[in-house]
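S.K.: Got a predicted model here, sequence first, then my questions.
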Amino acid sequence: MPRYRLRDVVVEFPFEAYPCQLDYMTKVIESLDTRKFAMLESPTGTGKTLCLLCATLAWRESFRAKLAQQAQSGSAEASGVAATITVPSILYSSRTHSQLSQAIGELRNTGYKVKVCVLGSRDQLCIHPDVRQLESNARKTQACRHKVAQRSCNFYNNVEGKRLERERSDLSPVLDIEDLVRIGTDTSTCPYYLARESQKQADIILLPYNYLLDPKMRQTQSVPVANNILIFDEAHNIEKSCEDASSVDLTSVQLGHCIDEIKTLMERPLLDETISREDLALLKVALLQLEQHITDIPKQAPVTKPGLFAYELFKSVNIDFSTAPVLIAALENAVMAMNAEHSVFGGRSHISDFLDALRIIFNPSLEACYVKASLNFKVYLREETFKSKKNAQGWGGMTTERKGWTFSFWNFCPGYGFRSVVDEGVHSVILTSGTLSPLSSFASELRAEFPIQLENPHVIGKDQVWVGVVSKGPSGTTLNSSYQTRDTEQYKLDLGNSIVNFCRIIPAGVLVFFPSYFLMTRCIELWKTHGADSGRTIWQRMAQYKLPIVEPKEKPEFVTSMHQYYAQIDRKDGNNGAIFFAVCRGKVSEGLDFADANGRAVIITGLPFPPVQDPKVELKRKYLEDMRAQGSSVLTGMEWYKQQASRAVNQAIGRVIRHLHDYGAIILCDVRFGSVDAVSQLPVWVRPYVKVYDAFGAPQRDLIQFFKGAEANPSLHTKVPRLLPDEFQEEASSVDLRVQRQHQQQQQQQ
């Protein structure tokens, strides 16, 4: 296995590393050496995950060796210092468990033997038949705790023996969630607590974002943050994750159901002695008062209040930082009592909804500074109509409507959630993704310094990518998806005719991304009907060249559509592939495998700005402007708004060109992409190739020449096995690395 000395650390890598991979690993080691935060962007196809793991594990081995050397140096002072220092553990987080499964796959490819733990929820790991049938994760959590406290779960009771067995083995396998469940089932051992136990001895812990960013999850999962290395992979989502982890929406329906559940509990014999009827009565009074207070607030138009209003509102019903812990404990006991009467309450607990809201609003870390911290929050109250289904005797279900309200407590400062983690004394933090640009805004939003930064180039050559801004359609109509023109018939027709012409040129698979479902639906509706009376519609002309498939919103239909797309690409009867219509920020735009023929081109039809009238968008922009007015160096509201569109575009662009021997086209069908500002927001590896076209004929000619050249290049004909999506989130970098190995094996054979 090749070895590389980077900043005096020897890194074992599974194969000969590319220069950009060495640069990436050097930056990782610099961050760990200096205990400084790093922000590293490296395109899909550059082996980012494997580089990250190899560099971090190599540094950790080097650090341990230095400590051992100091301890044996003979110097009492050096030995004493070394004895007080522990080797940092690695907390490797990503957005989803399927992304973590991919990281586990890469970990198995390294030459490092380490103790690994992957953390999951009871919803994923519990194998107790009574607990698994509960509907919500909150109910499963409470039911599990109840059984563990009663020692009535045999799966939990077997954990200690299995843990000792794994500790005695120096060659414990690297297990993902599915492996843990399988082993737990085979050995009648609780996978959830087995993972929790293995965490104590682990060198590397893999976990989802929210286990780090959510204070409650950090506490309940006992995540050891202090003095350890925090890695956020696929970090382009971290800002929103930080905001969401400390935001809450509570509806009148949820609060009403919560009160009903307490009333029902009061009528039960309370076989479980976790809570008294007196405590339940006090709970009911407090919730009824809160319900009335919120209902009495005039809400004919939506109401926006400072974050401090939430504390004033709860204080009016005697709930504050001194009484909230008592109320939270009583609610927890109520949930446990409900678990004991599962046949009465069914699967869902609305008490848990209110409990989660209280935990967020009355986070103990806020107690000393909640007045100042509340400046980062807004309260948003609005009236809403809620629909519910009720069973009608003999007639199945009928839908009823009722008016109510939603109380929102929204955090608009990602730095608030981020600082709550890193201020616990972490060793260092590394944020990485294929699409982080622009890097400066990340540091601004997270309110942290990232002195170590990298924007890596791609491993491909200039003959493997074509990037064009197509400003006009075939009839000369300016392509601009802004609200002033996007719903005009001429714009939609010329956009459709542009795509028809591209379908004639581009081989195999094409991805088309719209700014929104609304615009995609309106365009496709017109393309399917216009021209039907006089000949063929635009949709029929597209279908002549490629099978059109539209991204559905529901998961089962989506999986079916993906299989249909892949099957069409794989046909050997001379067809010219398929075209997948999707939405920026949708399921197709992140994590799916469109390597090689699956994605020879991506067409972006516009800039996907967030809905300008969305209350959360409006309040975020106003919050930023208020912070600027107070002297803060955060983004302006407009800068943030533009950034959201750019990040969504960059994520969609990342669907094509997935490895060293891949090639494809990036077609930007909106005149606004031609501005200097828009080009500067694209990934650094894309910018040098951007060419702006003022007429439609020129990009057609250049695309024809590009694909002719690529198809004639024998080095670009490497075929790789496709990774079918795991919950449509499978990242393709393991495919990228298999291609790198294949290429190097071919060179060795020659």
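M.R.: The structure has been received and is ready for your questions.
S.K.: Strands of the stretch 501-650 of the chain, start to end?
M.R.: For the stretch 501-650 of the chain, the strands defined by DSSP state E, counting those that start in this stretch occupy 510-514, 547-550, 578-583, 601-604.
S.K.: So which of the ones you listed is nearest Thr529?
M.R.: Closest of the strands of the stretch 501-650 of the chain to Thr529 is strand 547-550, at 14.5 Å (criterion: C-beta to C-beta). No exception for glycine: its C-beta is placed from N, CA and C like everyone else's.
S.K.: Report the rounded mean pLDDT for the closest one.
M.R.: For strand 547-550, mean pLDDT is 96.
S.K.: Any chance of JSON lines for the strands of the stretch 501-650 of the chain, columns distance to Arg3 and mean neighbour count?
M.R.: Below are the strands of the stretch 501-650 of the chain laid out as JSON lines (distance: least, C-beta to C-beta, whole Å; neighbours: other C-beta atoms under 10 Å):
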{"stretch": "strand 510-514", "distance to Arg3": "39", "mean neighbour count": "28"}
{"stretch": "strand 547-550", "distance to Arg3": "46", "mean neighbour count": "18"}
{"stretch": "strand 578-583", "distance to Arg3": "43", "mean neighbour count": "25"}
{"stretch": "strand 601-604", "distance to Arg3": "38", "mean neighbour count": "25"}
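S.K.: want to throw the ones you listed into TSV with distance to Val617?
M.R.: Conversion of these to TSV gives the following (distance: least, C-beta to C-beta, whole Å):
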stretch	distance to Val617
strand 510-514	19
strand 547-550	26
strand 578-583	17
strand 601-604	21
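S.K.: and of those, who's closest to Arg701?
M.R.: Going by C-beta to C-beta, the one of these nearest Arg701 is strand 601-604, 15.6 Å.
S.K.: Quick one: mean pLDDT for the closest one?
M.R.: On average, strand 601-604 scores 98.
S.K.: Partner strands of that strand and their direction?
M.R.: strand 510-514 (parallel), strand 664-668 (parallel) (DSSP bridges).
S.K.: I'd like to know which of these is closest to Arg419.
M.R.: strand 510-514 (34.1 Å).
S.K.: How are the helices of the stretch 251-400 of the chain distributed by residue range?
M.R.: Applying DSSP state H, counting those that start in this stretch to the stretch 251-400 of the chain gives helices spanning 252-267, 277-296, 308-315, 324-340, 342-345, 350-361, 370-373.
S.K.: mind putting those in CSV, distance to Asn480 included?
M.R.: Formatted as CSV, the helices of the stretch 251-400 of the chain follow (distance: least, C-beta to C-beta, whole Å):
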stretch, distance to Asn480
helix 252-267, 42
helix 277-296, 44
helix 308-315, 41
helix 324-340, 51
helix 342-345, 54
helix 350-361, 41
helix 370-373, 42
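S.K.: could the strands paired with strand 601-604 go into TSV alongside mean pLDDT and distance to Leu592?
M.R.: Shown next, in TSV, are the strands paired with strand 601-604 (pLDDT from 0 to 100; distance: least, C-beta to C-beta, whole Å):
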stretch	mean pLDDT	distance to Leu592
strand 510-514	97	9
strand 664-668	97	15
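S.K.: Output these as TSV; include the columns distance to Gln142.
M.R.: Below are the strands paired with strand 601-604 laid out as TSV (distance: least, C-beta to C-beta, whole Å):
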stretch	distance to Gln142
strand 510-514	42
strand 664-668	49
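S.K.: Mind checking those for the one nearest to Leu288?
M.R.: That would be strand 510-514 among the strands paired with strand 601-604, by C-beta to C-beta, at 46.8 Å.
S.K.: ok, residues contacting that closest one?
M.R.: Residues outside strand 510-514 that contact it (C-beta atoms under 8 Å, 6 or more residues apart in numbering): 499, 502-503, 520, 523, 546, 577-584, 588-589, 594, 599-606, 608, 652, 655-656.
S.K.: How much space separates Ser152 from Lys691?
M.R.: As judged by C-beta to C-beta, to the nearest Å, Ser152 and Lys691 stand 69 Å apart.
S.K.: same check, this time on Leu250
M.R.: With C-beta to C-beta as the criterion, Leu250 and Lys691 are 51 Å apart.
S.K.: Next: Thr187.
M.R.: Distance from Thr187 to Lys691, by C-beta to C-beta: 60 Å.
S.K.: okay, these two: which has more neighbours?
M.R.: A count of neighbours by other C-beta atoms under 10 Å puts Thr187 above the other of Thr187 and Lys691, at 15 against 12.
S.K.: my read: the more buried one touches Asn158, true?
M.R.: Yes - Thr187 is in contact with Asn158 according to C-beta atoms under 8 Å; the separation is 7.1 Å.
S.K.: so which of the strands of the stretch 501-650 of the chain gets nearest Val11?
M.R.: Nearest of the strands of the stretch 501-650 of the chain (C-beta to C-beta): strand 601-604, 33.7 Å.
S.K.: how far is the closest one from where the chain is centred?
M.R.: 22 Å (C-alpha atoms, centre = their mean, to the nearest Å).
S.K.: longest helix of the protein?
M.R.: Longest among the helix segments of the chain by residue count, using DSSP state H, is helix 48-71.
S.K.: Of all the residues in that one, which ones are buried?
M.R.: Across helix 48-71, burial judged by 16 or more other C-beta atoms under 10 Å covers 48-63, 67, 70-71.
S.K.: What's the local residue count around the nearest residue to Asn333 once chain neighbours are set aside?
M.R.: In this structure, Asn333 finds its nearest non-sequential neighbour in Ile275, 3.9 Å apart by C-beta to C-beta, 6 or more residues apart in numbering. Residues within reach of Ile275, counting by other C-beta under 10 Å, total 23.
S.K.: Kind regards, and thank you for your time.
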